[in-house]
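In: Fold the following.
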Amino acid sequence: MNPKPTLLRRGLLAATVACAALSVAAAPAHAAISITDADEDSFRYANAPGWTTILGTGAWKPVLTAGSIDPPTNGWLRLTEPAPYHAGTAVYNTAFSSAEGLQITFDYASYGNNPNNGDGMTFYLIDGSTATPTLGYHSATLGYTLALPTMLGVTNGYVGIGLDEYGGFSALPHLGQGCAVACSLSRKPQSVAVRGAGSLDKGFPLLASVSLPNDFPALGQISTAQADRSDARTVRITISPVTPAAPYPKITVEIIDPNTGNFVTVIDALDLSNNGPVPKTFKMGFSAASGGGLRSYHEVRIRSARTLVSAVPTVGQSTLGALAVLLALLALPALRWRIRN
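Out: From the prediction side, this is the model:
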């Protein structure tokens, strides 16, 4: 009996198994984020399957407006209604690597109680390993940070970017522990502010605060002025990828100037090197809150969201890939020898 066909099949099988193992090894550890305004997860439709909403204060839970309040393909995520002391949040359940970075562009509107719209809303990141995300407090916390001494912030928060109508998130010291920029007992209305890492009753320092009326008067106010969402604003937030050369992310916040239609940078590459350890993965979320006097509809929908670099394999996957390559290299010389002989 000629052993060559059997040996040949074995060699080919070994090489095939090695290639299959290498293919599995190269799979990303976490899914890349890719949302467009045509996707369900943009909040335009009656379902947003990638998102989880959380029951908040006032027994309120955010709702999608498509198919009930709005046409079936032209909806929004309503985070709050104009009722006192409401807070609402939605968290995207797909974790992405901090080494991938993120850029998200979204429209938002705050209306329904002019001229007393408030308090504001946040886009935020939490540690991606958080199995059960939670909602922060209502009012000036904007659903992200704590309110000393007893009101809790989100669980495992890393950073929250506030669109702050009322001005408490942007200034008040009791909404966090620590101030990298000057805190004040005086509010800073109509501002964009960044609060840092914190969990429940600890952290959430103020990292940056910019007043639109004072620093960017052409942009107007955070509140949208009309009685409906007809003058909704557009925001773009970029979180830079974490790399060995740049081990901490940087945040850039841009808002479209309603007069020119161009993005204006209001926070430019804010360095988060003073914000504690960087989680290996993130989950993203939106929250909003109202207070006693300032309250409004807070609504959001996504134009686009995407990770900035390809997903990065984990160490375990890289090790499996190396073993697969080694198996292939060991199999091929024997295969060549049997073919020649």
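
In: ranges for the helices of the protein?
Out: Counting by DSSP state H, the chain has helices at residues 4-25, 212-215, 315-340.

In: how about residue 98, what does it touch?
Out: With contacts taken as CB atoms under 8 Å, 6 or more residues apart in numbering, residue 98 has the following neighbours: 241, 242, 249, 278, 279, 280, 281, 282. Where C-beta positions appear, they are placed from N, C-alpha and C, glycine not excepted.

In: Out of those residues, which is nearest to residue 128?
Out: residue 281 (2.9 Å; CB to CB).

In: give me the beta-bridge partners of that closest one?
Out: For residue 281, the residues forming beta bridges with it (DSSP bridges) are residue 97.

In: now swap in residue 35 and tell me
Out: Applying DSSP bridges to residue 35 yields these beta-bridge partners: residue 305.

In: looking at it, it is touching residue 42, isn't it?
Out: Yes: the pair formed by residue 35 and residue 42 meets the contact definition of CB atoms under 8 Å, at 5.8 Å.

In: Between the two, which contacts overlap?
Out: When contacts are counted by CB under 8 Å, 6+ apart, residue 35 and residue 42 are jointly contacted by residue 302.

In: Roughly how far does residue 274 sit from residue 81?
Out: Relative to residue 81, residue 274 is positioned 37 Å away (CB to CB, to the nearest Å).

In: quick one: which of the two has more around it?
Out: residue 81 (18 against 12; other CB atoms under 10 Å).

In: Show me the beta-bridge partners of the residue nearest to residue 208 when sequence neighbours are not counted.
Out: In space, residue 208 comes closest to residue 194 once its chain neighbours are excluded; the distance is 4.3 Å by CB to CB, 6 or more residues apart in numbering. On the basis of DSSP bridges, residue 194 is bridged to residue 161, residue 208.

In: okay, residue 19: pLDDT?
Out: Per-residue pLDDT puts residue 19 at 41.

In: sorry, that was for residue 37
Out: According to the predicted model, the pLDDT of residue 37 comes to 89.

In: Distance-wise, check residue 292 relative to residue 306.
Out: Computed with CB to CB, the distance linking residue 292 and residue 306 is 39 Å.

In: between the two, which one's more packed in?
Out: Taking neighbours as other CB under 10 Å, residue 292 and residue 306 compare with residue 306 leading, 16 against 11.

In: Which of the contacts of residue 98 has the largest number of neighbours?
Out: Using other CB under 10 Å as the neighbour criterion, residue 282 leads those with 30 neighbours.

In: Now for residue 269, how many residues are close by?
Out: 11.

In: Verify the stated contact: it with residue 249.
Out: No: Residue 269 sits out of contact with residue 249 when judged by CB under 8 Å, with a separation of 9.8 Å.

In: joint contacts of these two?
Out: Common neighbours of residue 269 and residue 249, using CB under 8 Å, 6+ apart, are residue 240.

In: can you give me the strands for the stretch 1-150 of the chain?
Out: In the stretch 1-150 of the chain, the strands defined using DSSP state E, counting those that start in this stretch lie at 34-36, 51-54, 63-64, 77-80, 87-92, 96-97, 102-111, 120-127.

In: quick one: the nearest residue to residue 280 once chain neighbours are set aside from residue 278, how far?
Out: Beyond its immediate neighbours in the sequence, the residue positioned closest to residue 280 (CB to CB, 6+ apart) is residue 98, lying 6.2 Å away. When CB to CB is the yardstick, residue 98 and residue 278 sit 5 Å from each other.

In: can you check residue 297 too?
Out: Applying CB to CB, one obtains 35 Å for the distance of residue 297 from residue 278.

In: One more: residue 169?
Out: Distance, residue 169 to residue 278, by CB to CB: 23 Å.

In: where in the stretch 51-200 of the chain is pLDDT low?
Out: Within the stretch 51-200 of the chain, the stretches falling below the threshold (pLDDT under 70) are 57-58.
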